[in-house]
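> model the structure of this input:
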Amino acid sequence: MLKWPDESLLGDPTVFEHFRREMQITRALRHPNIQAAVDAGDNRSAPYLVLEYVDGTPLHRILRERGRLPVDEAVSIARQLAAGLQYLHEQRVYHRDLKPENVIVTPDGTARIIDFGIALMDGARRMTWRWLTNAHGTPAYMAPEQIQGKRGDARTDIYALGILLYEMLKGRPPYGRPGDDPLVVMQQHLSGQADALPPSVPPGLAGIVAKAMRRNPDERYQDAAALLADLDRYQQLTSADFAFAEEQAARVPDAERRMLLLAGAMAVGFVALIAVVITAVVVAQALG
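The predicted structure is shown next:
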């Protein structure tokens, strides 16, 4: 399997650096729940990755076709993803875009994490300006701190796994519906309230999901090992094992809000400019 960046974007230093970072990260990973690179990648004229072929079905297709998964199957997939995240975090790597599209389930039930396009290595320099590039990730699975423009860490991946486990148990993600404005979905992560899981979900498992999805990173599982340990014993846990304070809405600081509004205004202006240019061309062709 080959992966390379869009050639038309290679002139953008940020795009090139992101891909170079992805190459560096992917080549260093070896874990049964993570897609691996199979080439050394030296001495080539253009950047590309050779990845192992994973024979399986993307999790998003499984969920689309089957909806809610049985508890045992959902827990099995979540355990494997937690094990993969534990390994990643031990390597000081954070995926930052864990979602059903980036999980492949093989015929024997093995779950594999793929696509490290926006992964972060601990200590790596920031390649973009925080205030104008806060939306790295996918809105339905983004942690509040990502929405607030922070880089994220192990707890960011744990939040995404909590969202994903909720979706496997509920049949849909807690925030957002198809066609929703991404900004609306992100706001729900900051201040919304997820619906309760079905009564068939054991209380201990519901507590695990709730803890993984806490808005405040300090109130989540602090590492994947702790999450994995609870998944291994979810049947012995009860709601009494998860005593949470009332959750407060997260907010975007005023400085970030102003910059986000500026970025939005710039985007709208650019779209309007393109529309004007297209209209002018169409009119010119009609008159010509």
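
> quick one: low-confidence residue ranges for the chain.
Applying pLDDT under 70 to the chain flags residues 1-18, 40-47, 123-136, 252-288.

> break it down into its structural domains.
For the chain, automatic domain parsing gives the domain ranges 56-241, 254-288.

> just name the most buried of the ones you listed.
domain 56-241 (a mean of 18; mean count of other Cβ atoms under 10 Å). C-beta coordinates here come from the backbone N, C-alpha and C atoms, glycine included.

> how long is that domain from one end to the other?
Taking Cα to Cα, to the nearest Å, domain 56-241 runs 36 Å from one end to the other.

> and stretch 215-224, by the same measure?
From its first residue to its last, stretch 215-224 covers 17 Å (Cα to Cα).

> tell me which residues are up against it.
By Cβ atoms under 8 Å, 6 or more residues apart in numbering, the list of residues contacting stretch 215-224 from outside reads 82-83, 85-86, 89, 143-145, 153-159, 161-162, 189-190, 211-214, 227, 230, 244-245, 247-250.

> centre of the chain to that stretch, how far?
16 Å (Cα atoms, centre = their mean, to the nearest Å).

> can you tell me which of the contacts of stretch 215-224 are in helices?
If you go by DSSP state H, those have 82-83, 85-86, 89, 144-145, 154-159, 161-162, 189-190, 211-212, 227, 230 in helices.

> mind listing the helices for the stretch 51-200 of the chain?
Taking DSSP state H, counting those that start in this stretch, the helices of the stretch 51-200 of the chain run over residues 59-66, 71-90, 144-147, 154-170, 182-191.

> out of these, which gets nearest to I104?
Of all those, helix 59-66 sits nearest to I104, with 7.1 Å by Cβ to Cβ.

> by how many degrees do that closest one and helix 154-170 diverge?
Comparing the axes of helix 59-66 and helix 154-170 via axes from the mean of the first three to the mean of the last three Cα atoms, to 10 degrees yields an angle of 20 degrees.
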